[in-house]
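**Student:** pasting a predicted model and its sequence here:
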Amino acid sequence: MSTQPEVAPDAPVSRPAKVLSRLTDQQNYFDRHSQHNRRWYLSIKVTQIGLAALVPVLSGAGSPAALVGSLGAGIVALEGIQQLFQFHRNWVQYRATAGLLGHEQTLYSVRAGKYATAADPDGLLAERVERLLHFESSQWMAHQKQDEPEGDG
């Protein structure tokens, strides 16, 4: 027989911890994915710039047309990959969402802004975080639909 009191899973004591845990998890998610997309975007762009700089050099040096053409094809392929996976858009949008979540966390932690006068700061934080996440999800879905080729269902 256990001597520790049982705590209901939804006890009010755990409520702030649940809200902050969700906030932290989502902040980490958007931060990680922002960094991932940033690395891919910058890698692709730096490679494209390097390849583009080689084209006139190799052309002027009398390199085979197939080599120079391959560099051009590589530039186009890299741009196609960037457009397909939208690394730049994802980087910017994920960074913005992570920043907004951090903003809410800061205001909540010092009870500033709407949290200063809220009757239920934990509930307000949960509502605002979920609203931000819903907006992010809606934006993502809108971009997916926008990017669908005609005729795909």
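**Tutor:** All right, it came through fine. Keep in mind that what you see is a predicted model, and the values were worked out from it rather than measured.
**Student:** so where is this protein shaky, pLDDT-wise?
**Tutor:** Filtered on pLDDT under 70, the chain yields the residue ranges 1-13, 149-153.
**Student:** excluding its backbone neighbours, what's nearest the residue sitting nearest the centre point of it?
**Tutor:** The chain has Tyr94 as the residue nearest its centroid, 2.3 Å off, counting by Cα atoms, centre = their mean. Spatially, and ignoring its direct neighbours in sequence, Tyr94 is nearest to Ser34 (3.7 Å; Cβ to Cβ, 6 or more residues apart in numbering). Heads up, the C-betas are built off the backbone N, CA and C, glycines and all.
**Student:** element containing the one you found?
**Tutor:** helix 15-60 (DSSP states H and E).
**Student:** would you confirm that Leu133 contacts Leu23?
**Tutor:** No. Using Cβ atoms under 8 Å, Leu133 and Leu23 do not qualify as a contacting pair, with a distance of 9.7 Å.
**Student:** mind checking which of the two has more residues around it?
**Tutor:** With neighbours defined as other Cβ atoms under 10 Å, Leu133 and Leu23 compare such that Leu23 has more, 21 against 18.
**Student:** for that one, which residues are in contact?
**Tutor:** Leu23 makes contact with 101, 104-105, 125, 129, according to Cβ atoms under 8 Å, 6 or more residues apart in numbering.
**Student:** what's the farthest-apart pair in these?
**Tutor:** When the contacts of Leu23 are compared pair by pair using Cβ to Cβ, the two farthest from each other are Leu101 and Leu125, 10.3 Å apart.
**Student:** circling back: would you turn the contacts of Leu23 into TSV with neighbour count and secondary structure?
**Tutor:** Rendered in TSV, the data for the contacts of Leu23 read as follows (neighbours: other Cβ atoms under 10 Å; DSSP: H, G, I helix; E, B strand; the rest coil):
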residue	neighbour count	secondary structure
Leu101	24	helix
Glu104	21	helix
Gln105	16	helix
Leu125	23	helix
Val129	21	helix
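**Student:** and which of those residues is nearest to Thr117?
**Tutor:** Distances from these to Thr117 were compared by Cβ to Cβ; the smallest belongs to Leu125, at 13.7 Å.
**Student:** skipping adjacent residues, who's closest to the closest one in space?
**Tutor:** Spatial nearest neighbour of Leu125, chain neighbours left out: Tyr108 (4.7 Å); criterion: Cβ to Cβ, 6+ apart.
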